[in-house]
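Participant: The following block contains a protein sequence and its predicted model.
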Amino acid sequence: MLSKKIESAINKQIELEAASSQLYLAMASWAENQSFNGVAAFLYRQSDEERMHQIKLVKFVNERGGKALIPAIKQPEKEFKSLQVVFEQVLKHEIFVSAEINKMVDICLQEKDYTTHNFLQWYVSEQIEEEALARNVLDKLKLIGTDKGGIYFFDRDLGTMAATATNSNTKESGGK
Ligand code: FEO
């Protein structure tokens, strides 16, 4: 059984994951309209992942005897100045998410809820990967600067990354 304190902390996180999904969806849509189709594929995929993070939390709260709350989400930004601005925002956002996950882990220790603490370790590892990925993409963009040819290959590479990740996920889940 979840304590009220933990239940409300996870419900807050459910909202953050949903907002992350919406933010990345807005970025994907913007990229698609700018004809950065590879970047769009990458961000659509990130948006799907955030939704998966959200659902995993919803199910956990309900399985542990709590009540998951499905939040209303504010409309995210529609316009972004450049690809670099998009990925700077992604990195900043992921760093914020990591800090929030750490706060939840801390509450679990205070409340001596080792079950939830154990469950959250998946999110702790996932955040290390997500921050590293965002940093890596941003570093590449900084290197490219305004070089048009570089941007062309960057877009193509992100499209390949999205397709490879999607294929391996499909295999892991038995093609479902
Ligand atoms: Fe689910 Fe990228 O935080």
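Facilitator: Right, received. Where do you want to start? Numbers count the residues shown, from 1 in each chain.

Participant: just checking, what packs against the helix or strand in which His93 is found?
Facilitator: Element membership of His93 [criterion: DSSP states H and E] is helix 83-111. With contacts defined as 3 or more CB pairs under 8 Å, 6 or more residues apart in numbering; DSSP states H and E, helix 83-111 has these neighbours: helix 4-33, helix 37-63, helix 114-144. (C-beta placed from N, C-alpha, C; glycine too.)

Participant: As a markdown table, the ones you listed with distance to Asn167 and mean pLDDT would be great.
Facilitator: Below are the helices and strands packed on helix 83-111 laid out as a markdown table (distance: least, CB to CB, whole Å; pLDDT from 0 to 100):
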| stretch | distance to Asn167 | mean pLDDT |
| --- | --- | --- |
| helix 4-33 | 19 | 98 |
| helix 37-63 | 11 | 98 |
| helix 114-144 | 17 | 97 |
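
Participant: can I get the ones you listed in JSON lines with distance to Ala72 and mean neighbour count?
Facilitator: JSON lines is the format used below for these (distance: least, CB to CB, whole Å; neighbours: other CB atoms under 10 Å):
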{"stretch": "helix 4-33", "distance to Ala72": "9", "mean neighbour count": "19"}
{"stretch": "helix 37-63", "distance to Ala72": "14", "mean neighbour count": "19"}
{"stretch": "helix 114-144", "distance to Ala72": "23", "mean neighbour count": "15"}
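
Participant: Turn these into CSV, including distance to Asn102.
Facilitator: Shown next, in CSV, are those (distance: least, CB to CB, whole Å):
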stretch, distance to Asn102
helix 4-33, 11
helix 37-63, 15
helix 114-144, 8
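
Participant: and of the ones you listed, who's closest to Gln89?
Facilitator: Proximity to Gln89 (CB to CB) singles out helix 4-33 among the helices and strands packed on helix 83-111, at 7.7 Å.

Participant: what would the helices and strands packed on helix 83-111 look like in JSON lines with distance to the ligand?
Facilitator: Shown next, in JSON lines, are the helices and strands packed on helix 83-111 (distance: least, CB to the nearest ligand atom, whole Å):
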{"stretch": "helix 4-33", "distance to the ligand": "5"}
{"stretch": "helix 37-63", "distance to the ligand": "4"}
{"stretch": "helix 114-144", "distance to the ligand": "4"}
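
Participant: Looking at the ones you listed, spot the one closest to Glu88.
Facilitator: The nearest among the helices and strands packed on helix 83-111, by CB to CB, is helix 114-144 at 6.4 Å.

Participant: Could you pull up the contacting residues of the one residue sitting closest to the centre of the chain?
Facilitator: In the chain, the centroid-proximal residue (CA atoms, centre = their mean) is Glu50; its distance is 4.2 Å. Glu50 makes contact with Glu17, Ala18, Ser20, Ser21, Tyr24, according to CB atoms under 8 Å, 6 or more residues apart in numbering.
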